[in-house]
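Q: Starting from these lines, generate the structure:
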Amino acid sequence: MIEIRDERPSDVAAREMLLDTCFGPARFLKTSERLREGRLPAIGLSLVAELNGRVVGTVRLWHVEAGHARPALLLGPLAVDPLLQGHGLGSTLMWASIGRARALGHGAITLIGDAPYYARFGFYGALMDGLSMPGPFERSRLLGLNLRKGALDGAAGILSASGLLDEAAGLRTADERRRAA
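A: Model prediction:
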């Protein structure tokens, strides 16, 4: 049976291997990675799916500002072991993360992703029309979800990183870049 639970420090290596498998080294080059780089995920919003002691899915949410002084979360990456894709595990992780974010009082979630896939969870692009990313991105893939009524309505500007800094990020980021090269 697959268990959805909070990510533990001991899951980091397995999560990184899963992300490497699903996205390869190009994942470090994405604009959304610039928003996560050097930051800790939002507290209580790093989830893993575990099957027989093995991490088979992951999702994290990160603090961002959606324009000027408008807190939101950035979802990503969402990844599922390729052998288990197509069985609803990604949806289970999405619903768990959305429910957890709502329960913790967050107002909105943003992401860069496949609009038809994320529409089933209530994400849509029109909510993000006034926002952009701090680097290259595909406009059709910038999506948002209001967890609280009106949280992103009328938001304008650039998504920017916020939240707690990861003191070990400098070391880890340099190592990740070497691995990706």
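
Q: list the contacts for the residue nearest the centre of the chain?
A: With distances taken as Cα atoms, centre = their mean, residue 76 lies nearest the centre of the chain, 1.7 Å away. Listed by Cβ atoms under 8 Å, 6 or more residues apart in numbering, the contact partners of residue 76 are 32, 36, 59-60, 62, 111-113. Quick note: C-beta positions are derived from backbone N, CA and C, even for glycine.

Q: what do you get if the cut-off is 10 Å, keeping everything else the same?
A: Listed by Cβ atoms under 10 Å, 6 or more residues apart in numbering, the contact partners of residue 76 are 27, 30, 32-33, 35-36, 59-62, 109-113.

Q: Which of the residues you listed ranks first by neighbour count?
A: residue 109 (30 neighbours; other Cβ atoms under 10 Å).

Q: The lengthiest helix in the chain packs against which elements?
A: Using DSSP state H to define each element, the chain has its longest helix at helix 89-103. Contacts defined by 3 or more Cβ pairs under 10 Å, 6 or more residues apart in numbering; DSSP states H and E place helix 89-103 against strand 3-6, strand 46-51, strand 54-66, strand 71-75, strand 79-80, strand 108-112, helix 115-119, strand 142-146.

Q: who does the longest one touch, helix- and strand-wise?
A: Counting contacts by 3+ Cβ pairs under 10 Å, 6+ apart, the secondary-structure elements packed against strand 54-66 are helix 12-23, helix 31-36, strand 46-51, strand 71-75, strand 79-80, helix 89-103, strand 108-112, strand 157-161.

Q: What mean pLDDT does the last one get?
A: This means strand 157-161. For strand 157-161, mean pLDDT is 95.

Q: If I take it and strand 54-66, what angle do their directions form?
A: Angle between the axes of strand 157-161 and strand 54-66 is 130 degrees (criterion: axes from the mean of the first three to the mean of the last three Cα atoms, to 10 degrees).

Q: got the CA positions of strand 157-161 in CSV?
A: The C-alpha coordinates for strand 157-161 follow below in CSV (Å, rounded to 0.1, in the frame of the first residue of the first chain):
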residue,chain,number,x,y,z
GLY,A,157,4.1,41.8,-11.4
ILE,A,158,6.7,39.1,-11.2
LEU,A,159,6.7,35.9,-9.1
SER,A,160,9.6,36.2,-6.7
ALA,A,161,11.1,33.9,-4.1
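
Q: List the buried residues for that strand?
A: By neighbour count, and taking 16 or more other Cβ atoms under 10 Å as the criterion, the buried residues in strand 157-161 are 159, 161.

Q: what lines up beside that strand in the sheet?
A: strand 54-66 (antiparallel), strand 131-132 (parallel) (DSSP bridges).

Q: Residue 57 and residue 116, how far apart?
A: Using Cβ to Cβ, to the nearest Å, one gets 20 Å for the distance from residue 57 to residue 116.
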